[in-house]
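Colleague: Take a look and give me a structure for this.
(one chain, ligands or ions: 2)
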Amino acid sequence: MTSSEQRLVRNVAGLRCRECGSEQPVGPSHVCGFCFGPLEPVYDDAVVAARAHRDVITAGPATLWRYAPLLPIVRDGPLPDDLGTGLSPLRPAPRLAARLGLGRLWLKDDTRNPSGSFKDRVVSVALQAARAFGIETLACASTGNLANSVAAHAAHAGMDAYVFVPHDLEEAKIVSSAVYGANVVAVKGSYDDVNRLCAEAADDLGWGFANVNLRAYYAEGSKTLGFEVAEQLGWRLPDHVVVPVASGSQLTKVHRAFRELVRHGLVDDHPTRISGAQAAGCNPVAAAFKAGRDVIRPVKADTIAKSLAIGNPADGYYAVNVVRDTGGEVDDVTDDEIRDGMRLLAETEGIFAETAGGVTIATLAKLARRGSVTPGEQVVAMITGNGLKTVESLTGHVGPAFHIEPSLDAFGRQLRSRG
Ligand SMILES: Cc1ncc(COP(=O)(O)O)c(C=O)c1O
Ligand SMILES: [Zn+2]
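Modeller: Ligands and ions are numbered 1, 2, ... in the order given. Next up, the predicted model:
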């Protein structure tokens, strides 16, 4: 074991299978050797308890590394030098709340991360794990945002990057990966095809695939969304959180974050309902929830919300169970509703989110209409990606108010004709 590996092990005692509970040593492995279940870090509770205090966290940097005691990363010595991921604004949204008939609504604005999505959180953590294991090439299977993030963070860290994406992604997401010098591998297939290919490649190549062989560490980065929401609400848990769902990892980990905060005495226990949001064109988790099933039936994705277009979600089963256990719901919305959601969010609160944000807001609107979210609840909606990445989803739907010749006269005539 290298000295950097030993540093990583200080927080984390090992990896444990979510299915059969068997344990194995810390390393770049992603599935249980016995049952192929997903692996998760097991923290050394005594080590965490000694450092996870509110004052230590609030005195930390204005990035997700303030929660280092609760992440699989060394806690002594300098914190990682990354691009400044995390501690994104939690914005009160009174105008949007009024439009939706809600009382107290907050938006977690992760459009503000270095590469414009919450994926910077998971990549920041995965990159540290890669470093600890002596891996020099960072890779991923991505619906777009993860590729952008891997490309940016690898460039900053001086690592090589290979990002595998479906060939028909939004232009901005391809450009925003390639510009960092990453090798963009456009695969003629769906995300699920890309993911399968990367699972094989990860075994073969010895690279650090953020969401494949580093997934146990990567997924822990999503907990920081939950940690930040609680801290930003004054160390309290909200009543209800609405989370966009692709693989289902973020939803599962936000729940985990809240439970860990309670376990370590950082917040009082409080029941938080967790609801999921999907596109109707890729709704395997919503369909399972509505049918009362645990089993996720894979679907073929067809939606403008390409970042959420995972037809066979790795953590779908766990996400449905978290939603049921907490009294939340999962619903899905059409492409037209997604565009309406993007516009409503932008017009009322000045936040331009990508299609995933439209999914979240449109689903929240649907839940509010049928009384599944109530005006008495303190609600947080996760806005996870920047709208500039998916501009084409609005092309032809949003445009100039006036088309005029360059004269004041022409403008005046148009203004008057509008009344
Ligand atoms: C913008 C955005 N929001 C939400 C998600 C959903 O994340 P998860 O796969 O953890 O469910 C993704 C996944 O790619 C995403 O790109
Ligand atoms: Zn197992």
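
Colleague: Surely Ala362 forms part of a helix?
Modeller: Yes - read with DSSP: H, G, I helix; E, B strand; the rest coil, Ala362 is one of the residues of a helix.

Colleague: For the residue nearest to Cys20 when sequence neighbours are not counted, give its distance to ligand 1.
Modeller: Once flanking residues are discounted, Cys20 sits nearest to Cys35: 4.7 Å by Cβ to Cβ, 6 or more residues apart in numbering. To be clear about C-beta, it is placed using only N, CA and C from the backbone, and glycine gets the same treatment. Using Cβ to the nearest ligand atom, to the nearest Å, we find Cys35 at a distance of 22 Å from ligand 1.

Colleague: Could you shift the numbering so residue one becomes 56, and keep it that way?
Modeller: Taking 56 as the first residue, the last one we looked at is Cys90.

Colleague: Would you mind measuring from Cys90 to Ser77?
Modeller: As judged by Cβ to Cβ, to the nearest Å, Cys90 and Ser77 stand 8 Å apart.

Colleague: Repeat that for Pro326.
Modeller: According to Cβ to Cβ, Pro326 stands 32 Å off from Ser77.

Colleague: ok, now Ser172?
Modeller: Ser172 is 34 Å from Ser77, where distance means Cβ to Cβ.

Colleague: cool, Leu126 as well?
Modeller: 23 Å.

Colleague: So which of those two has more stuff around it?
Modeller: Legend: neighbour count by other Cβ atoms under 10 Å for Leu126 and Ser77, higher for Leu126 (27 against 14).

Colleague: rewinding a little: okay, now the residue nearest to Cys75: neighbour count?
Modeller: 12.

Colleague: What of Pro144?
Modeller: Number of residues near Pro144 (other Cβ under 10 Å) recorded here: 16.

Colleague: Contact partners for it?
Modeller: Listed by Cβ atoms under 8 Å, 6 or more residues apart in numbering, the contact set of Pro144 reads Lys163, Asp164, Arg167.

Colleague: confidence score at it?
Modeller: pLDDT for Pro144: 98.

Colleague: Now do it against ligand 2, distance only.
Modeller: Using Cβ to the ion, to the nearest Å, one obtains 39 Å as the distance from Pro144 to ligand 2.

Colleague: do the same with His325
Modeller: Using Cβ to the ion, His325 is found at 32 Å from ligand 2.

Colleague: any idea what sits nearest that residue, other than its immediate chain neighbours?
Modeller: In space, His325 is closest to Leu292, 4.2 Å off (Cβ to Cβ, 6+ apart).

Colleague: Now the one you found: phi and psi?
Modeller: Here is the backbone geometry of Leu292 (degrees, to the nearest 10): phi -90, psi 140.

Colleague: Likewise for the one 3 residues further on?
Modeller: According to degrees, to the nearest 10, the main-chain angles of His295 amount to phi -150, psi 140.

Colleague: Enumerate the beta-bridge partners assigned to it.
Modeller: Assessed by DSSP bridges, His295 has beta-bridge partners Arg328, Val434.

Colleague: so how many other residues sit close to it?
Modeller: Neighbour count for His295, taken as other Cβ under 10 Å: 24.

Colleague: So Arg186 belongs to a helix, correct?
Modeller: Yes - assessed by three-state DSSP, Arg186 belongs to a helix.

Colleague: what about it, neighbour count?
Modeller: Arg186, neighbours per other Cβ under 10 Å, totals 20.

Colleague: That one against Ala212, yeah?
Modeller: Yes - between Arg186 and Ala212 there is a contact under Cβ atoms under 8 Å: 7.4 Å.

Colleague: Keep only those of the contacts of Pro144 that are also close to ligand 2.
Modeller: The subset of the contacts of Pro144 within reach of ligand 2, counting by Cβ under 5 Å from the ion, is empty.

Colleague: What parts of the stretch 256-405 of the chain come near ligand 1?
Modeller: Contact residues, the stretch 256-405 of the chain versus ligand 1 (Cβ under 6 Å from any ligand atom): Pro299, Val300, Ala301, Ser302, Gly303, Ser304, Gln305, Ser362, Leu363.
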